[in-house]
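Everything below, folded, please.
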Amino acid sequence: MLIVKIELHSAVTGRITTIATGTIANTGTGSAVQGNYRIELRDAAGRKWKTGRIEGFPRNRLLAWDLLYRALEKLVGNRNVCRDSPVLYASGLRGPTMPANITPTRGADDDRSTSQPGHDSGAP
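Just a heads-up that it's a prediction; the model follows:
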């Protein structure tokens, strides 16, 4: 099992606070060359935030960083789209032109804290 921990190290007090954790666990259902994994992302209080699966990951060819990237891409996606987002440049859009369905904001609707009312811990 891989465990990913995000810690805040205070430069003022020196206090270390865990603000999020994630686990990536082999389900044991893959093959010698392709693994299947269960992913859980949790908030600072340890509550489940997102869950999902990665199947057919080429474990002998790619690194743990690649597995983490795929897990984050699948469960979190591109939540921080802005005018200078690489996604927009990769799609051939330049400068101030943006698709009608993308509005640059300081935070998407689903960027709310998991402690706020209306948070659905089972929502993708």
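
Skip the chain neighbours and tell me the closest residue to residue 30.
Residue nearest to residue 30 in three dimensions, not counting chain neighbours: residue 36, with 4.3 Å by CB to CB, 6 or more residues apart in numbering. To be clear about C-beta, it is placed using only N, CA and C from the backbone, and glycine gets the same treatment.

Which parts of this structure are strands?
2-9, 16-26, 34-43, 48-58 (DSSP state E).

Output these as CSV; include the columns distance to residue 71.
Below are these laid out as CSV (distance: least, CB to CB, whole Å):
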stretch, distance to residue 71
strand 2-9, 9
strand 16-26, 6
strand 34-43, 5
strand 48-58, 6
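
Quick check: which of those has the most neighbours on average?
Among the strands of the chain, strand 34-43 has the highest mean neighbour count (mean count of other CB atoms under 10 Å), at a mean of 18.

Give me the sheet partners of it and which way each runs.
strand 16-26 (antiparallel), strand 48-58 (antiparallel) (DSSP bridges).

wait, which of those is closest to residue 42?
Of all the strands paired with strand 34-43, it is strand 16-26 that lies closest to residue 42, at 5.0 Å by CB to CB.

What residues sit buried inside the longest helix anywhere in the chain?
Identified as the longest helix of the chain according to DSSP state H is helix 64-75. Neighbour counts over helix 64-75 (16 or more other CB atoms under 10 Å) mark 67, 68, 70, 71, 75 as buried.

relative to strand 48-58, how tilted is it?
Orientation check (axes from the mean of the first three to the mean of the last three CA atoms, to 10 degrees): helix 64-75 against strand 48-58 gives 130 degrees.

Lovely, talk soon.
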